[in-house]
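# Give me a 3D structure for the following:
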Amino acid sequence: MSNLLLSAEFGSMESRSFLRHVPTCLLNCLVLAAPLFALLPQALSQSGLSNGLIEYDGKIDWGDVDEWIFNAEAGDFISLRMAVDEYKDEAPTPYIILDFNGEVLWSESGNFRFDMNKTLIAPYTGKYHVQIGDVNGVPLLGRIEYILSLAQSGAPFTTREGDQGGPLTNGARHSGQLIRGDSDMWSFEAETGQNIDISVVETEAFGNLSIGLRVFDETGASVASDFDSTNSKVYFTAESTGTYTVIVQNDSSDDDANGSYHLYYSRFPDEITVSEGDEGGPLQNGARTSGAIDTGDVDLWTFEAQVGDPIDISFARTGGSISPLLNVFAPDGTFVTGDSDSDNAKVFLYAEQAGTYVVAVENGDNVFPELSGTYDLYYSNMLEEFAISEGDEGGPLQNGARTSGAIDTGDVDLWTFEA
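Here you go, the predicted structure:
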C-alpha cells in the first residue's frame, strides 16, 4: 500500500526503485508529511548580478528561490531578461520579482517557453533585489535551469568569453548574436563635439526579431535610441567627454526570437579603421573609387586639403537600389556640406580649414533603409596633382587638337594646359 501511495507522489521509476529500500514506517511518514512540505519556508540562495554578464548557471531546485542583487543609481537605465533554458520533471511556471527595499517594482510569471523582460529607469539609488522561482513550486525531484542578464547604463560592464560586446573600433563592422535572455553591451570613448553614427542591422533572424539600439553617456543618461525591424540607426554630436554605452537587444513582442546582427560605428574626427571586405580610407585626387553599401553600412573616406582648396565630390549609384547620401566633415569634426539624390549626390566646397576631411557615404532612403547597392565616388582637388583611373579620361591637353572623352554619372574629367 505504501509503495502505491508513493507512486502517486513521486511518479518516476527512479524514485520508486529507491523507495523500495526505505522502511515501510518511514515511507508512510513521508507520505503523510508531504502536504506539509509546501508550507515550509523556501530556501533562498543569493548571488551578485554582474552588469552585462549573461548568467547561464541559474538553477532552481525543490523548495529553492534564487535571489540576485545589483546596485544602481537613480536615473540609470535597467534592462532585465530571464529565460528558462532547461527543466526536469513537469513543465515549470517561472516567476521573477524586482524590488527595492521591499517595494515591488516589477513582477511577472508566465509560459516557460518565452522570455520575461523589463526595462525601466531606476527610481532609487541603492541595492536592488531580483527573485526567481516557480509559481507552483519545483517538484521534489525537479529542477529549473535559466538564463538571466542585466544591462545597466552608467556602470562598468563585463562581457563573458564567447559572448559579444566590449569596446567599439571606429569605422569597423562588428558582428553579434542575440539569444534568448541576452543583451549585448558595447562601449566607445568620445570627446565633446565629436560626431557619432551607429547602426545595427539584422543579418539572420529566427522568429519576429526586432533589434533595439540604445546609447547612454558616462552618467547613464539616455543620448539616442532607435527601434526598427531590420535596421536601427542613431546619429548625434557628443555633448560631453567620456565613455558611452551601447545596448543591443531584441525589442519585439516575440520574446522567443533570436538572431545575429552587424553593428557599424563611426566617430569623427578621429582615426578610422576599415574592416576587411569593407570600403573606406584615403581618396586619390582625380581617381574613381568604387565601393558597396550594405544595409546599415557607412563608408568613411578621407582627403587632405589646405585652406582655400576647391573640392568637388560626387557619389553615384552604379547598382542596387540605394539613394546616395553624401556628407563632408571638417578636420575639427564640424559638418561642412552634404547632398542626397536618387542617383548622384554631389557637393562643391572651398576648404576653410587645413587638415584631414572625412567623407561619409551611405544609403539615404529613410523609407527603405534596408536597401543595398554599389557606387562610384569621384574626388577632385583642383590645386593638387591628380591621377586618372584606368578607362577614364583626363590629363594634358594638346594645343589645337580635338580630345574625346565620356562622362559617366557623377564623373568629373580633369584636364590641364600650360600658359
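# got the contact list for the residue nearest to Thr93 when sequence neighbours are not counted?
Excluding its sequence neighbours, the residue lying closest to Thr93 (C-beta to C-beta, 6 or more residues apart in numbering) is Val135, at 4.2 Å. From N, CA and C alone the C-beta is placed, and that goes for glycine too. Applying C-beta atoms under 8 Å, 6 or more residues apart in numbering to Val135 gives the contacts 93-95, 109.
# Can you check the pLDDT for Val135?
Per-residue confidence (pLDDT) for Val135: 78.
# Ser107 versus that one, what's the distance?
11 Å (C-beta to C-beta, to the nearest Å).
# go on, Gly391?
In terms of C-beta to C-beta, Gly391 sits 68 Å off from Ser107.
# Same check on Asn327?
Asn327 sits 47 Å away from Ser107, going by C-beta to C-beta.
# Once you drop chain neighbours, what's closest to Val359?
Closest to Val359 by C-beta to C-beta, 6+ apart is Trp301, at 4.3 Å.
# And stretch 408-419, end to end?
In stretch 408-419, first residue to last residue: 29 Å (C-alpha to C-alpha, to the nearest Å).
# In terms of packing, which of Asn327 and Ser107 has more residues around it?
Between Asn327 and Ser107, counted using other C-beta atoms under 10 Å, Asn327 has the larger neighbour count: 24 against 13.
# any residues touching the host helix or strand of that one, and which ones?
In this structure, Asn327 sits in strand 324-329 according to DSSP states H and E. By C-beta under 8 Å, 6+ apart, the residues outside strand 324-329 that reach it are 195, 268-269, 311, 313-317, 335-347, 349, 357-364, 375.
# Separate out the buried members of those.
195, 268-269, 311, 313-317, 336, 339-341, 344-347, 349, 357-364, 375 (16 or more other C-beta atoms under 10 Å).
# what bridges to the most centrally placed residue in the chain?
Nearest to the geometric centre of the chain sits Val248, at 3.2 Å (C-alpha atoms, centre = their mean). Beta-bridge pairing of Val248 under DSSP bridges involves Asp184, Leu213.
# Can you give the domain ranges for this structure?
Listed by automatic domain parsing, the domain ranges of the chain are 2-37, 43-152, 165-268, 281-416.
# now those domains in JSON lines, with distance to Ser275?
Below are these laid out as JSON lines (distance: least, C-beta to C-beta, whole Å):
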{"stretch": "domain 2-37", "distance to Ser275": "53"}
{"stretch": "domain 43-152", "distance to Ser275": "23"}
{"stretch": "domain 165-268", "distance to Ser275": "4"}
{"stretch": "domain 281-416", "distance to Ser275": "10"}
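# tell me the most buried of the ones you listed?
domain 165-268 (a mean of 19; mean count of other C-beta atoms under 10 Å).
# Endpoint to endpoint, it covers what distance?
21 Å.
# Equivalent analysis for stretch 84-96, please.
11 Å.
# residue ranges for the helices of this protein, please.
Remark: helices assigned in the chain by DSSP state H are 2-9, 13-19, 24-37.
# on that earlier part again, closest one of the contacts of Val135 to Gly281?
Pro94 (50.7 Å; C-beta to C-beta).
# any idea how far that closest one lies from Leu53?
Taking C-beta to C-beta, one finds Pro94 at 20 Å from Leu53.
# Asp365 now?
As judged by C-beta to C-beta, Asp365 and Leu53 stand 38 Å apart.
# Identify the residues contacting Ser372.
292-295, 297, 320-322, 363.
# Try it again at 7 Å.
Residues counted as contacts of Ser372 (C-beta atoms under 7 Å, 6 or more residues apart in numbering) are 293-295, 320, 322.
# From those residues, which one has the minimum pLDDT?
Minimum pLDDT across the contacts of Ser372 falls on Thr295, with 76.
# From what I see, that residue and Asn231 are in contact.
Yes: using C-beta atoms under 7 Å, Thr295 is in contact with Asn231, at 5.6 Å.
# Could I get the contacting residues of the closest residue to Gly48 other than its chain neighbours?
Ranked by C-beta to C-beta, 6+ apart and with sequence neighbours excluded, the top spatial neighbour of Gly48 is Ile69, at 5.7 Å. Residues in contact with Ile69 (C-beta under 7 Å, 6+ apart) are 46, 48-49, 127, 129.
# Repeat the analysis, applying 10 Å as the threshold.
46-49, 127-130 (C-beta atoms under 10 Å, 6 or more residues apart in numbering).
# Take the residues you listed and write them to a markdown table, including distance to Ile211 and pLDDT.
Shown next, in a markdown table, are the contacts of Ile69 (distance: C-beta to C-beta, whole Å; pLDDT from 0 to 100):
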| residue | distance to Ile211 | pLDDT |
| --- | --- | --- |
| Gln46 | 33 | 65 |
| Ser47 | 29 | 79 |
| Gly48 | 28 | 85 |
| Leu49 | 23 | 88 |
| Lys127 | 31 | 95 |
| Tyr128 | 26 | 96 |
| His129 | 30 | 95 |
| Val130 | 24 | 93 |
